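Undergrad: How does the following fold in three dimensions:
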Amino acid sequence: MQDFGLPYMVPGGHVAAPTAVSMLHAGVLMKLGAYGIIRVGMFLLPEGADTWMPVLITLGTVNVLYGAVSAMSQNDLKYIIGYSSVSHMGYVLMGIATLDNIGVGGAVLQMFSHGMMTALMFLLVGSIYHQTHTRDINVLNGLASRMPVNTFFFAIAGMASLGLPGLSGFIAEFMVFTGAFRTYMPLAFPRSDRRCAYGGLYFSACWPVRSWVNLTHRGPGLKDSSPGLK
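TA: Predicted coordinates:
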């Protein structure tokens, strides 16, 4: 569903599922739709792909912006990661819709990158919830001083998610945008699509920073009596 602009059930499924299922869903199951588009849509139905891909790239850009903005408005860590997954899969759809070697390669790399970093984030959120019994970032203020290892790896995964240069997320998104402009710029790549994609880039960088600030800020969060934090 997240590959066609209908992402409403994805975050709810992540929240309801246990940690292991969330990791499997983010790392494997969310990629099956994109894999099917590549294997069936591109190779078995090339004429249909050539006709419909301009529509799909518009849906992909909407996914990017919608998922990133929704992630910014959440306080539950699983909801935040779930909506960010919607945004990342929008980049995958954009890359596939370019029908360009660079763009499709970027989409495949984004699938791999998203699977690794999102599974890591769900693992860390599961560890945090197991020890604190909450996923609310407003309650987890100052967690970095109590769970430095988890917070450090959460920061690494967040930087990969926002597309920090040098990490896989940046390379994948750069390839997707390169393929999109190579394919659609001669056809006057619509301004609305570009604005959605650029807005998604901005908000994709905002939600990891917001989560990180809340986790490291010393506020009236977890009580000192919380035992066993690592």
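
Undergrad: Same question for stretch 134-149: list its buried residues.
TA: Going by neighbour count (16 or more other CB atoms under 10 Å), the buried part of stretch 134-149 is 134-135, 137, 139-141, 143-144, 146-147. To be clear about C-beta, it is placed using only N, CA and C from the backbone, and glycine gets the same treatment.

Undergrad: any chance of the residues you listed in TSV, plus pLDDT, distance to Ala157 and secondary structure?
TA: Shown next, in TSV, are the buried residues of stretch 134-149 (pLDDT from 0 to 100; distance: CB to CB, whole Å; DSSP: H, G, I helix; E, B strand; the rest coil):
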residue	pLDDT	distance to Ala157	secondary structure
Thr134	87	20	coil
Arg135	87	15	coil
Ile137	85	15	coil
Val139	84	21	coil
Leu140	83	16	coil
Asn141	81	20	coil
Leu143	80	15	helix
Ala144	79	14	helix
Arg146	83	19	coil
Met147	84	14	coil
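
Undergrad: There's contact between Ala160 and Ile171 in this structure, I believe.
TA: No - taking contacts as CB atoms under 8 Å, Ala160 lies outside contact range of Ile171: 10.3 Å.

Undergrad: Of those two, give the one with the bigger neighbour count.
TA: Ala160 (23 against 17; other CB atoms under 10 Å).

Undergrad: count of neighbours near Met111?
TA: By other CB under 10 Å, the residues close to Met111 number 24.

Undergrad: per-residue pLDDT, the nearest residue to it once chain neighbours are set aside?
TA: Take Met111 and drop its neighbours on the chain: the residue closest to it by CB to CB, 6 or more residues apart in numbering is Lys31, 4.7 Å away. For Lys31, the pLDDT comes out at 88.

Undergrad: where does Lys31 land in three-state SS?
TA: At Lys31 the chain is in helix, as set by DSSP: H, G, I helix; E, B strand; the rest coil.

Undergrad: same check, this time on Gln74
TA: Under three-state DSSP, the three-state class of Gln74 is coil.

Undergrad: when you give positions from now on, start the count at 30
TA: Taking 30 as the first residue, the last one we looked at is Gln103.

Undergrad: so it sits right up against Ile110, yeah?
TA: No - judged on CB under 8 Å, Gln103 makes no contact with Ile110 at a distance of 9.2 Å.

Undergrad: Give me the more crowded residue out of those two.
TA: Taking other CB under 10 Å, Gln103 and Ile110 do not tie; Ile110 has more neighbours (29 against 22).

Undergrad: Return the residues in contact with the more buried one.
TA: Residues in contact with Ile110, defined by CB atoms under 8 Å, 6 or more residues apart in numbering, are 43, 55, 100, 147, 150-151, 154.

Undergrad: Name the secondary structure element that contains it.
TA: Ile110 belongs to helix 106-126 when assigned by DSSP states H and E.

Undergrad: Ok, Met146 next?
TA: Using DSSP H and E, Met146 falls in helix 130-161.

Undergrad: what pLDDT, on average, does that helix get?
TA: Mean predicted confidence for helix 130-161 is 91.

Undergrad: for the helix or strand that it is followed by, packing partners?
TA: Proceeding N to C from helix 130-161, the next assigned helix or strand is helix 177-191, under DSSP H and E. For helix 177-191, the packing partners by 3 or more CB pairs under 8 Å, 6 or more residues apart in numbering; DSSP states H and E come out as helix 130-161, helix 197-213, helix 220-245.
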